[in-house]
Structure formats: structure tokens, C-alpha cells
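Asks: need coordinates for the following:
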Amino acid sequence: MLEVTGLAWTVTIGLIVLLLALDLILASVRPHRVGFREAAAWSVFYIAVAIAFGIVLWMIAGAEFGTEYFAGYIVEKSLSVDNLFVFVIIMTTFAVPEEHQHKVLTFGIVLALIMRAIFIAVGATLLNLFSFMFLVFGLLLLFTAVQLFRHRDEDPDVEDNAVVKGARKLFPVSDEYDGGKLVTRLGGKRMVTPLFIVLVAIGGIDLLFALDSIPAVFGVTEEPYIVFAANAFALLGLRALFFLVKGLLDRLVYLSVGLSLILAFIGVKLILHWLHVDISNSVPEISTPVSLGVIVVVLTVVTVASLIKTRGDTSAKAHAGSLRANRKAPSEQDR
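Replies: Residues are numbered from 1 along each chain as shown. A predicted model of the protein is given here:
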């Protein structure tokens with residue numbers, strides 16, 4: 001087991017809060033359209049910070065935990081790319097002005113971190129108390145993988161999200177944006193702006209993503225500290241990655257297939273671990289280095305295959321994938 005001191009937790013959380021505060025300050029003080037050069041610089045910075053953290057962890061805790069962190073980080077980073085698809089859909093659906101997209105994404109990431117921290121705490125507690133939760137998590141990932149593969153050519157319906165529907169029922173919503181405000185006043189009546197609904201939509205969608213991302217990273221490490229760090233550093237770079245690759249997302253036509261394979265693989269890994277612990281020691285387990293290798297190979301293959309496919313077929317368009325059938329089926333031209 002990895003022994004993490006209170007000081008280590010404090011320093012890690014403090015670093016994450018500091019980076020989030022920096023993002024929030026930049027978004028609030030200077031709302032602007034984020035260009036490619038700026039997005040690339042921030043992406044390199046966040047990846048460098050994540051790698052530096054992993055190297056320090058490797059040196060302090062050893063190769064085993066260092067490998068688990070990098071495997072968890074790659075899993076979360078790959079799953080977060082699917083988040084980007086949904087973010088693009090949300091931004092397009094609600095016509096978010098470009099100068100406020102930075103702020104929306106940063107607040108959305110804060111909400112995501114808070115929700116995932118709760119999921120991590122609950123998941124770690126359940127795994128410590130009940131070993132059969134490895135089986136439950138494994139089956140959940142297998143179900144998610146099957147659903148994602150079945151609906152790989154669809155996009156989630158943002159307006160049909162239960163959280164968004166609830167927000168619209170609870171609060172009166174204005175028709176127009178009021179700068180970067182979440183609340184405005186029209187005709188003497190206080191109303192929330194579409195920007196508020198966008199934040200709710202991002203938070204609600206990310207809650208669904210946490211249902212598979214947290215069990216997935218627990219599939220490569222059982223250490224809550226590593227799970228939290230991998231999630232946090234993957235999400236911190238999500239804002240910059242959005243502006244960097246949003247124009248390229250349509251070309252990743254096989255990403256949903258690749259993610260479904262990764263989730264299925266980790267689901268099997270969790271089930272084998274449960275069988276090894278609770279049923280028989282003779283049941284083989286999948287090691288973390290093997291998991292890391294499989295994940296990297298799958299992501300490389302689907303990325304290359306996607307680029308080859310879209311180069312030869314300009315009509316091919318990527319979709320985020322959905323866990324259930326979408327009422328708004330993709331049009332024939334999107335297939």
C-alpha cells in the first residue's frame with residue numbers, strides 16, 4: 001500500500017487549487033478568444049506538470065506506483081477526449097460566445113473535480129469494505145463499453161439531460177447572454193442566463209462520465225491518492241486541450257470504438273482481480289505494465305486508423321458516442 005502523509009495530500013491539493021485559481025483569474029480578468037498558439041502553450045505546460053508529478057512520485061514511491069500513475073493518467077486523458085466531444089456539442093447547442101468559453105470550461109472542470117473527488121472517496125471506501133465491488137465495477141465497465149460501442153455513431157442529447165431539465169424547471173432562463181453573467185435582471189425579474197444552463201449541462205454530463213472514468217482508473221490502481229492525482233492532472237489540461245484540438249475532433253471517427261475496447265479490457269481486469277482475491281489464487285491477473293501497453297496500443301491504432309479513414313473519406317465524421325439511444329439520430333450525411 002502507498003503511504004501518503006497529510007503533507008503530501010496538502011501539497012498536491014494545493015498545487016491543483018493554485019492551477020485552477022490561475023485559470024479562473026485569467027478567464028475572469030481577460031475574456032478573449034483562445035488561439036491555437038496559446039492553447040498549445042497551455043497544453044504543453046499542463047502535460048509537463050503531469051509528467052513532472054509522475055516522475056517525482058516514481059522517485060519517491062517507486063516504479064510500481066509510478067507506473068500505476070502514468071497508466072491512470074493515460075486512461076483518464078483518453079476518456080477526457082470524449083468529454084471534449086460533448087463540450088463542443090454543448091458550446092454549439094447553446095451558442096456560447098467564444099470569449100466566454102474559457103470561463104465555462106474552467107468552471108466545468110472545477111465541478112468535475114469536486115464530483116470526481118466524491119466518487120473517488122466513495123469508491124475507495126467501498127473497495128476497502130467489500131472486495132466484491134471489484135466485480136461490480138468490472139461489470140459496470142463492461143456494460144458501459146457495450147453501450148458505447150452500440151451507440152458509437154450517436155451524440156448525447158444535451159437538452160434531454162435530467163440535470164438540465166431540472167435546472168430549466170427550477171429557474172427562469174433568459175433568451176440572451178448578458179456578457180459573462182450567470183444571473184441577470186429583465187423587466188424587474190431576476191433570471192439565470194444561458195451561461196448558467198451551460199455550466200449545469202457540463203456538470204451533469206461530467207457526472208455521467210465519472211461513472212465510468214472512476215471505476216476505469218481503479219482498474220489500474222487501488223490507491224485513492226493516485227486515482228485522484230491522475231484524474232486531477234488529466235482534467236486540468238482539458239480546458240487548453242479543448243481549444244487546441246476542437247477543430248480536429250471530427251476526424252477521430254474510431255475514438256468511441258477505442259474507448260469501448262479500453263473500458264471492456266479494464267472491466268475484464270477488475271473481474272479477474274476479484275476472482276483472484278475471492279475465488280482462487282490460480283486465476284491470473286493482468287499487470288499494470290501490460291494494461292499500460294494495451295491502452296497505448298489501442299489509442300495509437302484508433303488515432304492512426306481515424307486519420308487514414310478521414311483522409312480517404314471526407315464525409316466521415318466522428319461522434320462522441322452515447323450510453324443510450326439518442327432521440328435525435330445522426331443524419332445520413334454525418335454517418
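Asks: can you give me the mean pLDDT across the one helix or strand Ile90 maps to?
Replies: When secondary structure is defined by DSSP states H and E, Ile90 falls within helix 63-93. Taken as a whole, helix 63-93 has an average pLDDT of 82.
Asks: which residue ranges form the strands in the stretch 51-200 of the chain?
Replies: In the stretch 51-200 of the chain, strands defined by DSSP state E, counting those that start in this stretch lie at 183-186, 189-192, listed in chain order.
Asks: got TSV for those strands, with mean pLDDT too?
Replies: Supplementary listing: those in TSV, determined by pLDDT from 0 to 100:
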stretch	mean pLDDT
strand 183-186	82
strand 189-192	85
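Asks: re the thing from before, got the buried residues for the helix holding Ile90?
Replies: Applying a neighbour-count criterion of 16 or more other CB atoms under 10 Å, the buried positions in helix 63-93 are 65-91, 93. In short, each C-beta sits where N, CA and C put it, glycine included.
Asks: for Leu26, which of the strands of the stretch 51-200 of the chain is the nearest?
Replies: Across those, the minimum distance to Leu26, taken as CB to CB, is reached by strand 183-186, at 22.5 Å.
Asks: and the residue nearest the centre of the chain, what does it touch?
Replies: With the centre of the chain defined as its mean C-alpha position, the nearest residue by CA atoms, centre = their mean is Ser80, 3.1 Å away. The contact partners of Ser80, by CB atoms under 8 Å, 6 or more residues apart in numbering, come to 213, 234-235, 238, 241.
Asks: any idea which of those residues is closest to Ala201?
Replies: Scanning the contacts of Ser80 for proximity to Ala201, where the rule is CB to CB, the winner is Leu238, at 15.6 Å.
Asks: next up, phi/psi of that closest one, please.
Replies: Recorded main-chain torsions at Leu238 are phi -70, psi -40, according to degrees, to the nearest 10.
Asks: and for it, the neighbour number?
Replies: 23 (other CB atoms under 10 Å).
Asks: do the one 5 residues further on as well
Replies: Residue neighbour count, defined by other CB under 10 Å, stands at 22 for Phe243.
Asks: let me know the pLDDT of it.
Replies: What the model reports for Phe243 is a pLDDT of 73.
Asks: check Glu159 too.
Replies: pLDDT at Glu159 comes out at 66.
Asks: all helices of this structure, in order?
Replies: In the chain, the helices defined using DSSP state H lie at 6-29, 36-61, 63-93, 98-129, 133-150, 162-170, 194-218, 224-236, 238-245, 255-274, 288-312.
Asks: I'd like the ones you listed as TSV, with distance to Ser282 appended.
Replies: Shown next, in TSV, are those (distance: least, CB to CB, whole Å):
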stretch	distance to Ser282
helix 6-29	37
helix 36-61	30
helix 63-93	23
helix 98-129	22
helix 133-150	17
helix 162-170	45
helix 194-218	24
helix 224-236	28
helix 238-245	42
helix 255-274	11
helix 288-312	18
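Asks: looking at those helices, which is closest to Gly179?
Replies: Nearest to Gly179, of those and by CB to CB, is helix 98-129 at 8.0 Å.
Asks: and the angle from that closest one to helix 63-93?
Replies: Per axes from the mean of the first three to the mean of the last three CA atoms, to 10 degrees, the angle that helix 98-129 makes with helix 63-93 is 140 degrees.
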